[in-house]
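Student: Sequence plus predicted model, see below.
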Amino acid sequence: MNQPVWLTGNKVKISLDARPLLAQGIHPFEQVQQECAAMKQDEIFEIITPFSPVPMIDKMSAAGFETHSESGEDGMVHTFFKK
């Protein structure tokens, strides 16, 4: 899937590598919600996970965020939420 236009130019305000949290058994969804709620319009949040966080994507989309996921060269899934 091609990157959406809103991701062009990389306007990522916050990037969270969730792997350390997941390794500790901590689900990052609450942190993602808090960080995204504090963002300004058109800012982008990125989360890096070893899998596609489909339930999180669905919840953030339902909350009005634009979403996009892609596999990085590092084998990780980079998911973006735009306010």
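Tutor: Here it is on my side, so go on. Numbering: from 1, shown residues only.
Student: can you give me the strands in the chain?
Tutor: In the chain, the strands defined using DSSP state E lie at 12-17, 44-49, 66-71, 77-82.
Student: Same list, those strands, but as TSV with mean neighbour count please.
Tutor: Where C-beta positions appear, they are placed from N, C-alpha and C, glycine not excepted. What follows is those, written out as TSV (neighbours: other CB atoms under 10 Å):
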stretch	mean neighbour count
strand 12-17	15
strand 44-49	20
strand 66-71	15
strand 77-82	21
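Student: so what's Glu35 up against?
Tutor: Glu35 makes contact with 14, 16, 45, according to CB atoms under 8 Å, 6 or more residues apart in numbering.
Student: Would you confirm that Ser15 contacts Ile48?
Tutor: Yes - Ser15 lies in contact with Ile48 (CB atoms under 8 Å); the separation is 7.0 Å.
Student: Of the strands of the chain, which is nearest Gln31?
Tutor: Closest approach to Gln31 among the strands of the chain (CB to CB): strand 12-17, 7.0 Å.
Student: In the contacts of Glu35, which has the lowest confidence score?
Tutor: Least confident of these in the model: Ile14, at 92.
Student: hang on, that residue packs against Lys40?
Tutor: No - using CB under 8 Å, Ile14 is not in contact with Lys40; the gap is 11.5 Å.
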